[in-house]
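[1] this one's sequence-less:
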């Protein structure tokens, strides 16, 4: 069982930056590809970014491409999401997730954290 704990959310102004962190425990970190998903108010959960087991490949939703960067530090069992040029539409609960597969198709990852709120004011 993998436990994921997000931190770093909060309030930011449009155009600002935030960095989310997610600490993983309970498993071998390099067995898992890591993903960030988000759920905006009143909307479905959506994919934001993914990174493979050793950081060699990343993927982003079109809406965040060029603004967000996903990275991982396997020595610290931690994955990050650096969010620049934030927009009000980035307001959502952000979830750190993990799955043994890189590339999920339409399914959701196996493990998910509790989520952290990100609010971007205009």
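    Everything's here; your move. Note that the structure is predicted; figures quoted are calculated from it, not measured.

[2] give me every residue that touches the residue nearest to residue 38 when sequence neighbours are not counted.
    Among residues not flanking residue 38 along the chain, residue 92 sits closest, at 3.8 Å (Cβ to Cβ, 6 or more residues apart in numbering). Any C-beta I mention is one placed from the backbone N, CA and C, and that applies to glycine too. Applying Cβ atoms under 8 Å, 6 or more residues apart in numbering, we find residue 92 in contact with 38-41, 117-118.

[3] If we use 10 Å, what do you get?
    Listed by Cβ atoms under 10 Å, 6 or more residues apart in numbering, the contact set of residue 92 reads 9, 37-41, 43, 45-46, 48, 115-120.

[4] Please apply the same query to residue 54.
    30, 33, 72, 74.

[5] and those, which of them are in strands?
    Cross-referencing the contacts of residue 54 against strands under DSSP state E gives 33, 72.

[6] Give me the buried subset of the contacts of residue 54.
    Among the contacts of residue 54, those classed as buried by 16 or more other Cβ atoms under 10 Å are 33, 72.

[7] Out of the contacts of residue 54, give me the two with the largest separation.
    33 and 74 (12.0 Å; Cβ to Cβ).

[8] So for those two, which residues contact both of them?
    With Cβ under 10 Å, 6+ apart, residue 33 and residue 74 have common neighbours 53-54.

[9] what pairs with the residue nearest the centre of the chain across the strands?
    The centre of the chain sits closest to residue 36, judged by Cα atoms, centre = their mean, with a distance of 2.3 Å. Following DSSP bridges, residue 36 is listed with bridge partners residue 49, residue 96.

[10] Might one say that it is in contact with residue 19?
    No. Residue 36 lies out of contact with residue 19 (Cβ atoms under 10 Å); the separation is 11.7 Å.

[11] can you list residues touching both of the two?
    Contacts common to residue 36 and residue 19, judged by Cβ under 10 Å, 6+ apart, are 80-81, 83.

[12] Now that we have those, can you turn them into JSON lines and tack on pLDDT and secondary structure?
    Output for those, formatted as JSON lines (pLDDT from 0 to 100; DSSP: H, G, I helix; E, B strand; the rest coil):
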{"residue": "80", "pLDDT": "98", "secondary structure": "strand"}
{"residue": "81", "pLDDT": "98", "secondary structure": "strand"}
{"residue": "83", "pLDDT": "98", "secondary structure": "strand"}
